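> Fold the stuff below for me.
(chains A, B, C and D)
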2 protein chains.
Amino acid sequence: MSDANSSPPLPAPKTRRGERTRQKILNAAQREIGSKGFAEASISTITAEAAVGQGTFYLYFRSKEDVLRELVLRMGRRLRRHLTLAIADAPNRLEAERRGLRAFLEFVRANTDLYRVVAEAQFVDPTVFKRYYQDFAASYRAGLLAAEARGEIAPGDAEVRAWALMGISDMVGRRFALWDSEVSLRKIAEAAHALILEGLAPRGR
Amino acid sequence: MSDANSSPPLPAPKTRRGERTRQKILNAAQREIGSKGFAEASISTITAEAAVGQGTFYLYFRSKEDVLRELVLRMGRRLRRHLTLAIADAPNRLEAERRGLRAFLEFVRANTDLYRVVAEAQFVDPTVFKRYYQDFAASYRAGLLAAEARGEIAPGDAEVRAWALMGISDMVGRRFALWDSEVSLRKIAEAAHALILEGLAPRGR
DNA sequence: CCGAAACCTGAGTATTGAGTCATGTTTCAT
DNA sequence: ATGAAACATGACTCAATACTCAGGTTTCGG
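Numbers count the residues shown, from 1 in each chain, chains lettered A, B, ... in the order given. I've put the predicted structure just below:
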């Protein structure tokens, strides 16, 4: 059980009914794992919640690990779409950075269960977890390099920057969007963006 | 089981032998949970590894959750000591920031099991996990405020900055110190520090 | 409308491992 | 030296739950 993703994916459902059932299970699993955590969430609770028989689960997923993997992929797709849309017509990279950060925080607050699901994957399947971040990092890095070439940002190590910036979003998101449901994300995003823009060093002299 | 820390701590060992045994168990648990993860680590493996009987475990810890809690506290103490030492005689905050970042990365690479143990606590006992970060954030925040008063850093939101900076360390640490065991941490720390210092905005015009 | 493929079921099996306890050994203050 | 408290043991109990399977129902192209 250790880590392993292994074995070919189960064949996709062939009928409309099958697809609907699969989604019902996926949604129930997201709610269950998102609120109780991977260990506490049981297949029987998930299937009950989805209003299907126990055995039905195994028509679409090989195991509990398997459904978590699928949820991580789903989360990645949704977040990516959300961010792409948010920064689509930003005039430059710095503005894209600001909008992306804000959009990320909003997304976390609106999808607390998905956020937790991804975090659990760290231990259930390190490979998927790593890939999740690496994919974001890769496109982040590309964006930074392009912006640097255009002279929109100061030159610097794009790989390290990409991970550092993801780190900011991740931790600030946890603290202010996940743990704190009151504070204005607009203000938090502005404050964090100010740091990203200018750093800590005192201006002028 | 949900979250709960609850119930008075078990009485400390009264004899030298007892204290030694408790430490043996703690060390074994750290190795086991650190390498296989909380779910996969079993009490029987931990006690076997510590070369004590199964029942001995319950003389010192109420449950598997309990031992994890203790490990998180231990990790916090060790990391705090390490960082305090590293930045002790830095001439100013910016330099302290550079040294602290570097020291953190070194610490992660040298203590991969403890790092993972803390991450697992997120799900096993959210309260301890939160406190772990909140404690670091609080002292980070205080340091930033003092530096701001001294004019060593530009003014800004100390709370957000503290979490953002922790986020950088956390994510950069995961990527370059935990997942990558080859790369020079000196160089990574410098690159990240450059971002923290100056931000992304192009200098001059 | 037919029948074959797809889908669904939930009681039952099999495993796993946390936590207990009755009994035995070591420590250490007096 | 001694006995009471502290420490140690590991076989056993017991609950939990992931996953199976033999037999039923629904779907849908032709």
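
> I'd like to know which elements the helix or strand of chain A with the lowest mean pLDDT is packed against.
Every helix and strand of chain A was ranked by mean pLDDT, DSSP states H and E. The lowest is helix A:112-124, at a mean of 89. Under the contact criterion of 3 or more C-beta pairs under 8 Å, 6 or more residues apart in numbering or on different chains; DSSP states H and E, the helices and strands touching helix A:112-124 comprise helix A:16-36, helix A:64-87, helix A:126-149, helix B:112-124. Where C-beta positions appear, they are placed from N, C-alpha and C, glycine not excepted.

> Could you see whether chain B lies near the second one?
This points to helix A:64-87. No. Contact between helix A:64-87 and chain B is absent, the nearest approach being 10.8 Å (criterion: C-beta under 8 Å from any C-beta of the partner chain).

> what's whatever helix or strand comes next after that helix in contact with?
Downstream of helix A:64-87, the next assigned helix or strand under DSSP states H and E is helix A:93-110. Identification of contacts with helix A:93-110 by C-beta atoms under 8 Å, 6 or more residues apart in numbering or on different chains yields A:79, A:82-83, A:85-87, A:90, A:115, A:143-144, A:146-147, A:150, A:152-153, A:165, A:168-169, A:172-174, A:176-178, A:181, A:185-186, A:188-190, A:192-193, A:196-197, B:200-201.

> for stretch A:18-26, same thing?
A:12-13, A:46-47, A:50-52, A:56-57, A:59-61, A:67, A:70-71, A:74.

> mind running it again at 10 Å?
Under the contact criterion C-beta atoms under 10 Å, 6 or more residues apart in numbering or on different chains, stretch A:18-26 has outside partners A:10-13, A:15, A:43, A:46-47, A:49-52, A:56-57, A:59-61, A:67, A:70-71, A:74.

> Mind listing what's buried along it?
For stretch A:18-26, the neighbour count (16 or more other C-beta atoms under 10 Å in any protein chain shown) marks A:T21, A:R22, A:K24, A:I25, A:L26 as buried.

> Just the pLDDT at the fourth one, thanks.
At A:I25, the predicted lDDT confidence score is 97.

> which residues touch the helix or strand harbouring A:L59?
Secondary-structure element containing A:L59, defined by DSSP H and E: helix A:54-60. Judged by C-beta under 10 Å, 6+ apart, the contacts made with helix A:54-60 from elsewhere in the structure are A:10-13, A:18-19, A:21-26, A:28-29, A:43-44, A:46-48, A:50, A:52-53, A:63-64, A:66-67, A:70.

> near DNA strand D, from the residues you listed?
When C-beta under 7 Å from any atom of the strand is applied, the members of those adjacent to DNA strand D are A:I43, A:S44, A:S63, A:K64.

> Please indicate which of those are buried?
A:I43, A:K64.

> ChimeraX command to pick out the buried ones of the contacts of helix A:93-110?
The buried subset of the contacts of helix A:93-110, as determined by 16+ other C-beta under 10 Å, is captured in ChimeraX by this line:
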select /A:79,82,83,86,87,115,143,144,147,152,153,165,168,169,172,173,174,176,177,178,185,188,189,192,193,196 /B:200
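
> in chain A, which segments are predicted with low confidence?
In the predicted model of chain A, residues A:1-6, A:204-205 satisfy pLDDT under 70.

> The residue in chain A that DNA strand C sits nearest to - how many residues pack around it?
The shortest separation between chain A and DNA strand C is 1.7 Å, found at A:G55 (distances taken as C-beta to the nearest atom of the strand). Burial of A:G55, expressed as a neighbour count using other C-beta atoms under 10 Å in any protein chain shown, amounts to 9.
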